[in-house]
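Novice: Have a look at this prediction, sequence included:
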Amino acid sequence: MFSWGVAVKLEHINAEIRPRSSWEALDLGIQMARAWYKPLFLTWVAMGLPVFVLLFLLLNYLDLSWLSFWLVWWLKPLFERGLLHLLSRGLFEQVPSVKQTLRLMPGLLKPQWIAAITWRRLSLTRSFDLPILQLENLKGRERSDRLSTLHRESMGVSVWLTAFCLLAEIAVAFAIYGLVIMLVPREIEIDWWQVFSSDHWVMNGLDNLVAFIAASLIAPFYVAGGFSLYINRRSHLEAWDVEIRFRKIMARVERNNLKNSPSSGVKHIALILLLGMSATIFPIGGVEGSEKEAVTPLAREQVLQLPQSISKQQIEAVLKGELFHELTVEQQLDLDWLIEFFESEDEEETVDPEWLKTLMAWAENLAELSALLAGVLEFILWGILIVFVLIVLRKYSDWFARLINTSLPRRKQEKPAVFMFGMDISAQSLPSNLIEEARSLGERGLLRQAVSLFYRGALSQLNDRLIEQSKVPLSSSDTEGDCVRKITAIADQELVLFVNDLVAHWQRLAYGHLELSSIEFHALCEAWAQHFENGAGVKIEAGFE
Amino acid sequence: MSEHSRAFTEEQLTQAHGLVMQLKDSINNELLGQENAITDTLVALLAGGHVLVEGVPGLGKTLLVRCLAVCLGGDYKRVQFTPDLMPSDITGHSIYDLKSEHFEFRKGPVFTNFLLADEINRAPAKTQAALLEAMQEQQVTVDGESFSIEAPFMVLATQNPIEQEGTYPLPEAEIDRFMMKVLIDYPQQQDEVDLVTAVTSGRIKESLAVTSQANVRLSKKNLLSLQNLVARIEVDQRVVEYSVAIVRATRGSMGIVHGAGPRGSISLIKAAKARALMAARAYVTPDDVKQSVLSVLRHRITLSADFEIEGLSNDDVLLRLVDDVDAPRL
């Protein structure tokens, strides 16, 4: 039987128990948290704060102060037990004091504590599962069966509860930071980013404290929400509302009997019978140790303790039995007059009239047409929706892009350029004897190609050096001037002068369409040979600072 | 190196370059610490464009324009734009002559070689718009009759970026007609020291009077010849494509609501040509285009609200944009 530590008295329940939807149940949980917020909050702080402070001091000593809140966060399931104890007592009896709760903590922490901070720690239904683990004291398969039974409904809502509470914690933390920032006078200029990103132990401590406060403020709502979902689920399964109603009726009758003469014995007996019947209908007991058990319900333990083979046999017997296949109508509207009416009509007119057939055919056609129209309409509406979404995405593409990316269009990652100004400057594309090749081109009057070869060769070798020395290679958007500027940063004066000269020659040929004299060309060949290795991809060692 | 068939000789180019450098030095002597602004203004002058000068008070915006006018020896007029300034106060108006019994057109200050429109954003839009025709077509139409303005004609407008109360932002159409927007920033420390020394020693007068050192270097005829020479500077097709690629990149870029139009590309090439002359080159290189991007395009783009809120300037965005455009491929 589910243990609440002490007897649960449904008739003393402090909330109206009725079948609710899961979301309604969540509302009830929030109301409970609001009603008992002070003791809940104090209980949480009384348990969590000392642990937090101790951990902070210890971890700060180890220079790991940032870790203290995360450890407290990880231990949250243990602190939540005190809150659940307080809520369960508050719902069925009196709200215990913080002291009483703390006194009981060792006992409350015992069941499933390792599981709570290990494999169950990241469960999204933690608050919903907690009452099962803590209050029902089930073990092994019984516990997993029980969890599975209760999870059939309300599981989704409990996951949402976890998500909401997590977001609420984050929001509260940001709100605290915002409050601090707002309270600082404008005249005092503080670089908040630097403050918040500081690694100083004081800032770490304050950060952790803010996170702890946020968690403490939200925890009562989280535990109460899960608990109310659990109560609601049980009231669905075990018809607590009906039982409570009967108990109240019985209590009232008893009071009347005490007040009046015991002459209404018939009524009394009838009510006891009624209560007994209700207990038989809902055999799974939800109230352990209630003061008066009018009838003995089928104990859940007995059911659970039945060997599996016997259970199976019993189930098969029931399935084969006649009773199982017998259809009975327990509630039926008085529609006899209607049946009689149609039956009499059938007798009078066995063949449907022509007008009725036409009407039916028309109605069928109308229905088909309506279905078709509905299909088309649905298609159009989906189309409109898709177009609307596309328009919104297009219109606010900047905003979405900025939401995902950083504020500015990122600079293109500077990769070593292989093609620049339409020229392949990779080492592989260059001839093995570059000067000879250039001279050969020059002799054939192809001066532009020859100078282009020199330019490519120079860029190829200098680019390798740029990557090595400054990590800033040439990029496709670099103009000739940009290349010279980058090279100037790493090369010596002599080489810079030559590169300037080479670039000037190249620009005159490429953009000015001016020709080069043979003297100038030969001088260029000589100078190139002095400054660069005569092979593709061979890095020059001399000439750099 | 042999000459390609060209409309001017190497000697003419050298001579022109020398003249421009003299002019630049002359203005540099008067306006200390604003070399970039002076270069940009001269580029616009040589390219035949108009300039919008922006800077906080006291940095020599007006002095720059006056120096230019004095050094070039042309007519110079200044109009202080105020909220009650009327279009006819700029263009001129017809007046009835009792003697001849005819309406006579009395020319406004726009009929000059160098018009300084001081604090142009303090006049309402209709007055600012009075300059549109003059700036684009170099003529003024009053009472259905057009009057041409003698060349060279250049409008140099100033505006103050910080005192925005009681101002009228320039309409897009007018802004687009300025070839360049030149920013005058605070001078470097050494330049400021030199400036203070020069003013306090009396070498430069504090009252913005241009000193005798700023001699006339160029006649109007020379200036027109220079402008003519700039127009004939060679531009390779790939360089034109490069400038168009940069301008087109402003249109589809994230964070730019309105990009530059074709007038931006045209101005970019014109400015690049002028820069080539200032570098004593007879041809334009991609570097000339790249150096002109900020001054030519910064006033032609409109940033999105979120970029502005983040404090990004047009220059920041343009610099990133240029980095994403491949240099010409030859």
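Specialist: On my side now, so go ahead.
Novice: Surely residue A:79 and residue A:46 touch.
Specialist: No: distance between residue A:79 and residue A:46: 9.4 Å, which falls outside the contact criterion (C-beta atoms under 8 Å). C-beta coordinates here come from the backbone N, C-alpha and C atoms, glycine included.
Novice: in the stretch 301-450 of chain A, which spans are strands?
Specialist: According to DSSP state E, counting those that start in this stretch, the stretch 301-450 of chain A carries its strands in the segments A:419-420, A:423-424.
Novice: Give the burial count for residue 36, as a bare number.
Specialist: Chain wasn't specified; assuming chain A. Burial of residue A:36, expressed as a neighbour count using other C-beta atoms under 10 Å in any protein chain shown, amounts to 21.
Novice: should've been chain B
Specialist: Other residues close to residue B:36 by other C-beta under 10 Å number 14.
Novice: mind checking how far it is from residue B:50?
Specialist: Taking C-beta to C-beta, to the nearest Å as the criterion, residue B:36 is separated from residue B:50 by 18 Å.
Novice: ditto for residue A:128
Specialist: The span separating residue A:128 from residue B:50 equals 73 Å under the rule C-beta to C-beta.
Novice: Test for you: state the pLDDT assigned to residue A:118.
Specialist: At residue A:118 the predicted local confidence, pLDDT, stands at 84.
Novice: Now it: which helix or strand?
Specialist: Secondary-structure element containing residue A:118, defined by DSSP states H and E: none, the residue being outside all helices and strands.
Novice: Need phi/psi at it.
Specialist: phi -120, psi -100 (degrees, to the nearest 10).
Novice: Against chain B, how distant is it?
Specialist: When distance is defined by C-beta to the nearest C-beta, to the nearest Å, residue A:118 is 45 Å away from chain B.
Novice: How much space separates that residue from residue A:39?
Specialist: With distances defined as C-beta to C-beta, the gap from residue A:118 to residue A:39 amounts to 29 Å.
Novice: Same drill for the two, tell me which one is more crowded.
Specialist: residue A:39 (21 against 10).
Novice: For the stretch 51-200 of chain A, which residue gets nearest to chain B?
Specialist: Of all residues in the stretch 51-200 of chain A, residue A:193 sits closest to chain B, at 14.2 Å by C-beta to the nearest C-beta.
Novice: ok, how many other residues are close to that residue?
Specialist: Residue A:193: 8 surrounding residues under other C-beta under 10 Å.
Novice: my hunch is that it is in a strand, does that hold up?
Specialist: No: with DSSP: H, G, I helix; E, B strand; the rest coil as the criterion, residue A:193 is located in helix rather than a strand.
Novice: And it, how far from residue B:258?
Specialist: Relative to residue B:258, and taking C-beta to C-beta, residue A:193 is found at 32 Å.
Novice: got any ranges where chain A has weak pLDDT?
Specialist: Residues of chain A that meet the criterion pLDDT under 70 lie in A:1-14, A:257-309, A:325-352, A:398-399, A:402-429, A:470-471, A:534-545.
Novice: domain parsing for it?
Specialist: The record's domain parsing of chain A by automatic domain parsing lists A:10-238, A:243-307, A:354-404, A:419-531.
Novice: Which of these sits closest to residue B:121?
Specialist: Nearest to residue B:121, of all the domains of chain A, is domain A:354-404, at 28.1 Å by C-beta to C-beta.
Novice: Can you get me the centre-to-centre distance for the closest one and its chain?
Specialist: Distance of domain A:354-404 from the chain centroid (C-alpha atoms, centre = their mean, to the nearest Å) equals 32 Å.
Novice: With stretch A:437-447 instead?
Specialist: With C-alpha atoms, centre = their mean as the basis, the distance from the averaged C-alpha position of stretch A:437-447 to the chain average is 68 Å.
Novice: go on, stretch B:302-310?
Specialist: Stretch B:302-310 has its average C-alpha position 26 Å from the chain's average C-alpha position, going by C-alpha atoms, centre = their mean.
Novice: List the buried residues of that stretch.
Specialist: Along stretch B:302-310, the positions that meet the burial threshold by neighbour count (16 or more other C-beta atoms under 10 Å in any protein chain shown) are B:302, B:303, B:304, B:307.
Novice: buried ones in the helix or strand bottoming out on mean pLDDT in chain B?
Specialist: Taking mean pLDDT, DSSP states H and E as the measure, the helices and strands of chain B show their lowest mean at helix B:61-72, namely a mean of 78. Of the residues in helix B:61-72, those scored as buried under the neighbour-count criterion (16+ other C-beta under 10 Å) are B:61, B:62, B:63, B:64, B:65, B:66, B:67, B:68, B:69, B:70, B:71, B:72.
Novice: following it, which helix or strand shows up next?
Specialist: Counting by DSSP H and E, the element after helix B:61-72 in chain order, helix or strand, is strand B:76-80.
Novice: after that next one comes which helix or strand?
Specialist: helix B:88-91.
Novice: Going by neighbour count, list what's buried in that next one.
Specialist: By neighbour count on 16+ other C-beta under 10 Å, the buried set for helix B:88-91 is B:89, B:90, B:91.
Novice: How about the contacts made by residue B:290?
Specialist: Taking C-beta atoms under 8 Å, 6 or more residues apart in numbering or on different chains, we find residue B:290 in contact with A:479, A:481, A:482, B:322.
Novice: Neighbour-wise, give me the winner out of those residues.
Specialist: Counting by other C-beta under 10 Å, residue A:479 has the largest number of neighbours within those, with 23 neighbours.
Novice: what residues are up against that residue?
Specialist: Under the criterion of C-beta under 8 Å, 6+ apart, the neighbours of residue A:479 are B:285, B:286, B:287, B:290, B:327, B:328.
Novice: Could you tell me the average pLDDT over the top helix by length along chain B, please?
Specialist: Using DSSP state H to assign secondary structure, the helix with the most residues in chain B is helix B:10-30. The pLDDT scores in helix B:10-30 average 83.
Novice: for the stretch 101-250 of chain B, what spans make up the strands?
Specialist: According to DSSP E, counting those that start in this stretch, the stretch 101-250 of chain B carries its strands in the segments B:102-107, B:114-118, B:139-142, B:145-148, B:154-159, B:180-183.
Novice: In JSON lines: those strands, plus mean pLDDT.
Specialist: Putting the strands of the stretch 101-250 of chain B into JSON lines (pLDDT from 0 to 100) gives the following:
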{"stretch": "strand B:102-107", "mean pLDDT": "84"}
{"stretch": "strand B:114-118", "mean pLDDT": "86"}
{"stretch": "strand B:139-142", "mean pLDDT": "84"}
{"stretch": "strand B:145-148", "mean pLDDT": "84"}
{"stretch": "strand B:154-159", "mean pLDDT": "87"}
{"stretch": "strand B:180-183", "mean pLDDT": "90"}
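Novice: can you tell me how far residue B:295 sits from residue A:46?
Specialist: In terms of C-beta to C-beta, residue B:295 sits 68 Å off from residue A:46.
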